[in-house]
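>>> sequence below, structure please.
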Amino acid sequence: MNSNVLIESFAEFARSKNIDRPTMMSILEEVFRTMIRKKYDDDSNFDVILNVDKGDLEIYRNREIVDDNSEDIWDLDKIPLAEAQKIEPDYEVGESVAEEIKLEDFGRRAVLMARQTLIQRVKDLERDNLYQAYKDQVGEVVVGEVYQVWGREALILDKDENELVLPKGEQIPKDRYRKGDTIRAVVHRVDVLNGTPKIILSRAAPAFLERLMEQEVPEIFDGLITIKNIVREPGERAKVAVESYDDRIDPVGACVGMKGSRIHAVVRELENENIDIINYTDNLELYIARALSPAKLTSMKINEQTGRVSVFLKPDQVSLAIGRGGANIKLASRLVGMEIDVFRDAGDFEEDIALDEFQDEIEGWILDELKKIGLDTGRAVLAVSKEDIVRRTELEEETVEELFRVIRNEFEDNESDSQEEEAQNSGGAQ
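The predicted structure follows:
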């Protein structure tokens, strides 16, 4: 392989990887100087001249001519007169010799190794460029094209065809991708595995919702409205606390837009995720009440030391406070940073069955676990999902399933007894 072929093939490869010319020249010179040092121990008296466009490479070894009997003839930058005159008969002691070194003089193995080194350096540079490009974009939205979809992740290509990964856990559960689809996601993090950067995207992170709202609501982009906190159950529901620094701007109305025009664009991008916009306040009690919207609270007791708050509602408001699958109370708890326990107003217990009445069938410590999270009646327990009870108590899934069965049976038995009693009363009346 001659120098032209080597340099041209490297230059073409480097251009395909978007490596700029100065960097390309630097890599080439460094690799050739490494070859020189391996063969001659020192490269300080060598000149390396490159022309990437023409594929030219010239290497010159500069040495000073000394007398054949001089003690300096073994110095790397000295050449005996007799040896110099083999290059040019007119040379004399004290002159300098510039001897051209051909690439072939390094040997075939060294040239092949140089070629591999050049390619490896470009790949290293490409990986470093990818890392540098994305490490500063964490939390920013990128647009990519779906290239391949696997069970656990999707491979996305950016505009420069860099490979980005969207794991299943960072997707919105309702997302369905096909090859060629264009998607938006936020750069979640940049991992480095064995020296190779791995760009992780996310559509489930709160930051994705925040960036979307910045794009749709100019007041947020301009800093007139601040997003104080975002909590999400991706694809299902989200709560966004916002605050306005301008008394003339209603932060909730600005985020929702005329007839919901602004928020609808965000909702569509998030696969119809319900988004509650909440007016942030430093008044914790008011903030909790707004976080549990649309439920209307009767009263609440806040224990800041334990980080728990007990809220009391009328029976028809309990299901609204808890939400489908416990989503509303779960998100409200995360939004305000406290565990919220829901209680019915005392006067409404007559329509329900107090948990203490299940003492014969349910162990006391299980009842105590339920009471800790504000579930003190049978209907209150049934209104919460099994997963939420498991998450908020020390109870195992099997225990909660048995618990549900016992409570449902009790309500069914009560209902049957009531119907029989009504039937008997009706018969007696006839």
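
>>> next, the buried residues of stretch 33-48.
Burial within stretch 33-48, assessed by neighbour count using 16 or more other CB atoms under 10 Å, is assigned to 35-36, 43, 45-46, 48. From N, CA and C alone the C-beta is placed, and that goes for glycine too.

>>> which pair in those residues spans the largest distance?
Of all pairs drawn from those, the widest gap by CB to CB lies between 35 and 45 and measures 15.1 Å.

>>> for residue 163, which non-adjacent residue is spatially closest?
Closest residue to residue 163 in three dimensions, ignoring its sequence neighbours and counting by CB to CB, 6 or more residues apart in numbering: residue 155, at 6.0 Å.

>>> test my guess that the one you found contacts residue 161.
No. Counting by CB atoms under 8 Å, no contact exists between residue 155 and residue 161, whose distance comes to 11.2 Å.

>>> of those two, who's got more company?
When residue 155 is set against residue 161 and neighbours are counted by other CB atoms under 10 Å, the residue ahead is residue 155, at 17 against 9.

>>> which SSE is the most centrally placed residue in the chain in?
Centroid check for the chain by CA atoms, centre = their mean gives residue 188 as the closest residue, at 1.8 Å. When secondary structure is defined using DSSP states H and E, the element that contains residue 188 is strand 182-193.

>>> report the buried residues of that strand.
Taking 16+ other CB under 10 Å as the criterion, strand 182-193 shows 183, 185-188, 190 as buried.

>>> point out the other helices and strands that that strand packs with.
helix 108-135, strand 141-149, strand 196-202, helix 206-216 (3 or more CB pairs under 8 Å, 6 or more residues apart in numbering; DSSP states H and E).

>>> could I get these as TSV with distance to residue 173?
Shown next, in TSV, are the helices and strands packed on strand 182-193 (distance: least, CB to CB, whole Å):
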stretch	distance to residue 173
helix 108-135	26
strand 141-149	15
strand 196-202	13
helix 206-216	14
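
>>> can you name the residues that contact residue 242?
Contacts for residue 242 (CB atoms under 8 Å, 6 or more residues apart in numbering) come out as 220, 225-228, 251-252, 255, 277-280.

>>> am I right that residue 287 is in a helix?
Yes. With DSSP: H, G, I helix; E, B strand; the rest coil as the criterion, residue 287 is assigned to a helix.

>>> what's the neighbour count on it?
Counted by other CB under 10 Å, the residues lying close to residue 287 total 22.

>>> tell me how far the residue nearest to it when sequence neighbours are not counted lies from residue 288.
Of all residues not flanking residue 287 in the chain, residue 281 sits nearest, at 5.2 Å (CB to CB, 6+ apart). Residue 281 is 10 Å from residue 288, where distance means CB to CB, to the nearest Å.

>>> which of the two has more neighbours?
Using other CB under 10 Å, the more surrounded residue of residue 281 and residue 288 is residue 288, with 20 against 14.

>>> any idea how far that one is from residue 394?
Computed as CB to CB, the residue 288 to residue 394 distance reads 25 Å.

>>> which parts of stretch 327-340 are buried?
327-336, 338-340.

>>> so for residue 192, what's the pLDDT?
On pLDDT, residue 192 comes in at 89.

>>> please shift the residue numbers so they start at 10 in all later answers.
In the new numbering, first residue 10, that becomes residue 201.

>>> skipping its backbone neighbours, what lies nearest it in space?
residue 140 (6.8 Å).

>>> ditto for residue 77
Of all residues apart from its sequence neighbours, residue 89 sits closest to residue 77 (CB to CB, 6+ apart), at 4.7 Å.

>>> distance check, that neighbour against residue 104.
Per CB to CB, residue 89 is found 13 Å from residue 104.

>>> extract the CA atoms of stretch 124-131 and return them as CSV.
This file holds the C-alpha atoms of stretch 124-131, laid out as CSV (Å, rounded to 0.1, in the frame of the first residue of the first chain):
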residue,chain,number,x,y,z
ARG,A,124,-4.1,2.2,8.7
GLN,A,125,-5.8,0.3,11.5
THR,A,126,-4.7,3.0,13.9
LEU,A,127,-6.1,5.7,11.7
ILE,A,128,-9.5,4.1,11.5
GLN,A,129,-9.5,3.4,15.2
ARG,A,130,-8.7,7.0,16.0
VAL,A,131,-11.5,8.3,13.8
